[in-house]
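Novice: Here's a sequence, model it:
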Amino acid sequence: MSRIVAIDYGRKRTGIAVSDTMQLIANGLTTVPTHELLNFIGDYVAQEPVERIIIGLPKQMNNEVSENMKNIEPFVRSLKRRFPEIPVEYVDERFTSVLAHRTMLEAGLKKKDRQNKALVDEISATIILQTYLESKRFI
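Specialist: Residues are numbered from 1 along each chain as shown. Got it, this is the predicted structure:
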């Protein structure tokens, strides 16, 4: 089986998570500067089989997409042009940053480590992917 990649897209940096080959567990991979994201994905896809890419969909509490969507849509268009054989899906990312901070707190990370925004982005991508994987198990 191949992997699923999840992206927590940000203007400056982007968290990335990947599934195991059985597509059961999400693991944080890294955080990359957003301007390097397409090349990073290209390098990863060249090394690992990727079945699909999941993008965090930024929604507000009223269910409307947030302002960051204007940054995400051009990236997704570029992603689809560069990798037309890999499906791209959106997954609601509401509360992932809050959950990431809570996870870090529960894991006992020190305050300085919890302030590491790159780690928060990577954990957020992991939460997005795990949410996706769990939703597919019950269909």
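
Novice: Tell me the bridge partners for the residue nearest the centre of the chain.
Specialist: Compute the mean C-alpha point of the chain, and by Cα atoms, centre = their mean the closest residue is residue 7, 2.4 Å away. Counting by DSSP bridges, residue 7 forms beta bridges with residue 16, residue 55.

Novice: confidence score at it?
Specialist: Predicted confidence (pLDDT) at residue 7: the value is 96.

Novice: shouldn't it be in contact with residue 52?
Specialist: No. Using Cβ atoms under 8 Å, residue 7 is not in contact with residue 52; the gap is 11.4 Å. The way it works is simple: take the backbone N, C-alpha and C, and place the C-beta from them, glycine included.

Novice: tell me what the top helix by length along the chain is packed against?
Specialist: In the chain, ranked by residue count with DSSP state H as the criterion, the top helix is helix 117-137. Using 3 or more Cβ pairs under 8 Å, 6 or more residues apart in numbering; DSSP states H and E as the contact criterion, the neighbours of helix 117-137 among helices and strands are strand 3-8, strand 13-19, strand 26-33, strand 50-57, strand 88-92, helix 96-106.
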